[in-house]
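Visitor: give me the fold of what follows.
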Amino acid sequence: MDAASTLRNVRALRLPDAQPCVPDTTPPTMIEVRPETLVIDERYQRNLSERSLRLIRKIVEGWDWRAFKPPVVVQVNDELHVVDGQHTAIAAATHPEIEQIPVMVVAATEMADRAIAFVKHNRDRITATPTQLHYALIEAGDEDAVTISMVCDQVGVRVLKNPAASTSFAAGETVAVKTMHGIMNRRYRIGLRKVLEVCANAKLAPISQAAMLAVESLLFADEFSGEYEPEDITTTLRASFHHLSREGKAFAAQHKLPQWRGLAVAIGRKTRRRRRGSRAAS
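Guide: Modelled structure (predicted):
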């Protein structure tokens, strides 16, 4: 195919699995602004990590207009808020030789619209972590994200938005957002609450993916369901979680199992069992 005519021929393509939507938003406009006038809303945007600062430094030191991608912004009263291109905007504002940059203005008048724009720009990119997207989805009113946030508040679990590699976790803190989504999809809101309540009451720091999945298994998996009470699992975890983690990792490695599965076995061995149906019989 002639390279010069490639895009002209694209309309002839047929994508049988694609159902084109009717756009309900207006096209963006391009304007030039002084970068230091741009605003970053931390309610859903990323806080600057060490990785972010290294990236900004790299952009400043190697500024190249040929590689420049205009930040995407929205008009909020008399301000322009960045929804994508935070690092580029900060680098431009930092660079002493950059006085103006082009930005792409999209329509998003409400906070939820701006958060949705942020999510759409960042969902499939590694520059935004699952926890950062989680907070953006909350601002956007996403039902699952809001539900998870409410459950976390109820049981005393805190999702860290931007933990560093050197973060020292406090009891009840977690970054395992994807795991919580998975548990809620499988066990619904009440099941997620039971799992998180056990982990929070056990004072785990952090509440890891392996811990959540191990507790879920002990409470709900067919092979365990009805044999363990949440309070008994909590007692076991509080007494010797670090020892159980090491034991679980060793068991998982030996039997070529996921880490959470090994942890579930280790916890189960140390936790008092109750016969299936014992509560119903009483």
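
Visitor: all contacts plus neighbour counts: C-alpha atoms, from now on.
Guide: Noted.

Visitor: what segments of the protein are helices?
Guide: 6-10, 50-61, 86-94, 111-122, 130-139, 143-155, 177-201, 209-220, 230-255, 259-270, 278-281 (DSSP state H).

Visitor: packing partners for the second one?
Guide: Looking back up the chat, that one is helix 50-61. helix 86-94 (3 or more C-alpha pairs under 8 Å, 6 or more residues apart in numbering; DSSP states H and E).

Visitor: go on, the longest one?
Guide: For helix 230-255, the contact count by 3+ C-alpha pairs under 8 Å, 6+ apart identifies helix 177-201, helix 259-270 as packing neighbours.

Visitor: report the buried residues of that helix.
Guide: Applying a neighbour-count criterion of 16 or more other C-alpha atoms under 10 Å, one finds 230, 232-237, 241, 244-245, 247-252 buried in helix 230-255.

Visitor: report the angle between the axes of that helix and helix 259-270?
Guide: 120 degrees (axes from the mean of the first three to the mean of the last three C-alpha atoms, to 10 degrees).

Visitor: can you pull out the low-pLDDT segments for the stretch 1-150 of the chain?
Guide: Where the stretch 1-150 of the chain drops to pLDDT under 70, the residues are 1-16, 42-48, 108-128.

Visitor: repeat that for 50
Guide: The stretch 1-150 of the chain contains residues with pLDDT under 50 at 1, 124, 126.

Visitor: returning to what we had before: what's the most buried one of the helices and strands packed on helix 230-255?
Guide: A comparison of the helices and strands packed on helix 230-255 by mean neighbour count, using mean count of other C-alpha atoms under 10 Å, puts helix 259-270 on top with a mean of 22.

Visitor: who touches it?
Guide: Residues from elsewhere that reach helix 259-270 (C-alpha atoms under 8 Å, 6 or more residues apart in numbering): 209-211, 213-215, 217-218, 233, 236-237, 244-245, 247-253.

Visitor: outline the domain layout of the chain.
Guide: Structural domains assigned to the chain are 27-141, 144-275, following automatic domain parsing.

Visitor: would TSV of the ones you listed with distance to Ala18 be doable?
Guide: TSV is the format used below for those (distance: least, C-alpha to C-alpha, whole Å):
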stretch	distance to Ala18
domain 27-141	18
domain 144-275	26
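
Visitor: out of those domains, nearest to Pro20?
Guide: Closest to Pro20 of those, according to C-alpha to C-alpha: domain 27-141, at 16.3 Å.

Visitor: and Thr94, what is it in contact with?
Guide: Thr94 neighbours (C-alpha under 8 Å, 6+ apart): Val60.

Visitor: if I look at it, how far off is Arg66?
Guide: Distance from Thr94 to Arg66, counting by C-alpha to C-alpha, to the nearest Å: 19 Å.

Visitor: same question, Val39
Guide: 25 Å.

Visitor: which one's more surrounded, the two?
Guide: Shown here are Val39 and Arg66; by other C-alpha atoms under 10 Å, Val39 has more neighbours (18 against 6).

Visitor: which ones are touching the more buried one?
Guide: By C-alpha under 8 Å, 6+ apart, Val39 lies in contact with 79-82.

Visitor: could I get the residues you listed as CSV with distance to Asp17 and neighbour count?
Guide: CSV is the format used below for the contacts of Val39 (distance: C-alpha to C-alpha, whole Å; neighbours: other C-alpha atoms under 10 Å):
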residue, distance to Asp17, neighbour count
Glu79, 40, 12
Leu80, 37, 19
His81, 35, 21
Val82, 33, 24
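
Visitor: which among these gets closest to Thr174?
Guide: Nearest to Thr174, judged by C-alpha to C-alpha, of those is Val82 at 27.3 Å.

Visitor: need the contact partners of stretch 143-156.
Guide: Stretch 143-156 is contacted from outside by 134-135, 137-138, 158-159, 172, 180-181, 189, 192-193, 196-197, 200, using C-alpha under 8 Å, 6+ apart.
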